[in-house]
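Engineer: Okay, sequence plus prediction incoming.
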Amino acid sequence: MTTIDNDKVAMVHYRGTFPEDGEEFDSSHGAEPLGFLVGHKNMIPGFEREMMGAEVGEKREFTLTPDRAYGEKDDGAIQQVPRDQFPPEMPLEIGVMGAAQTEQGQQMQFTITDISDDIVTVDFNHQMAGKTLRFSVEVVDVRAAVAEEISHGHVHGAGGHEH
Ligand code: ZN
């Protein structure tokens, strides 16, 4: 029996909820199962760790504190930016998401969290940072990865990259 382990391709159906109120934030049900290459940082660390050794048909439920999910919120990632530095076409409202480019050319996503007369507060933390997440996961398939998938670090074919 093939079980979830490093360099295996796992296909799972999952449902993610916030444990405080049970609100669902993500789910694969009603869509294709999620495929990931185990041991290549395709998933948040706690998710893979909790699914290690699971076999096809097995269901697991677990709760991940932020350190095992998207990390704690970093206050240094919250910045105050003069309003005139935003493109004029961008709607400046609390909750609006945008992307900024770093000097290295990397895209950084942010969310507007506060607005005053001429200062806009933006938060570059991942939207799930600081949150405890509950997952309910069912293993649909496990197979050995092919060499090309291992060298690319991601899944090809169904549920994965097309190229
Ligand atoms: Zn590839």
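Structural biologist: Arrived safely, thanks for sending.

Engineer: give the contact list for T132.
Structural biologist: F18, P19, E20, T63, L64, T65, P66, A69 (Cβ atoms under 8 Å, 6 or more residues apart in numbering). Heads up, the C-betas are built off the backbone N, CA and C, glycines and all.

Engineer: hey, what's the residue nearest to the fourth one when sequence neighbours are not counted bridged with?
Structural biologist: Beyond its immediate neighbours in the sequence, the residue positioned closest to T63 (Cβ to Cβ, 6 or more residues apart in numbering) is R134, lying 4.8 Å away. As for beta bridges, R134 partners with T17, T63 under DSSP bridges.

Engineer: my guess is R134 contacts D21, does it?
Structural biologist: No: assessed by Cβ atoms under 8 Å, R134 is found out of contact with D21, at 10.8 Å.

Engineer: Who has more neighbours out of these two?
Structural biologist: R134 (17 against 6; other Cβ atoms under 10 Å).

Engineer: Now for the protein, the helix or strand with the poorest mean pLDDT.
Structural biologist: When the helices and strands of the chain are scored by mean pLDDT, DSSP states H and E, strand 97-101 comes last with a mean of 89.

Engineer: what does the chain have sitting close to the ion?
Structural biologist: By the rule Cβ under 5 Å from the ion, the part of the chain lying against the ion is H152, H161.

Engineer: For the closest residue to the ion within the chain, which non-adjacent residue is closest in space?
Structural biologist: Closest contact between the chain and the ion, by Cβ to the ion, is at H152 (3.3 Å). Counting by Cβ to Cβ, 6+ apart, H152 lies nearest to H161, which is 7.5 Å off, once chain neighbours are set aside.
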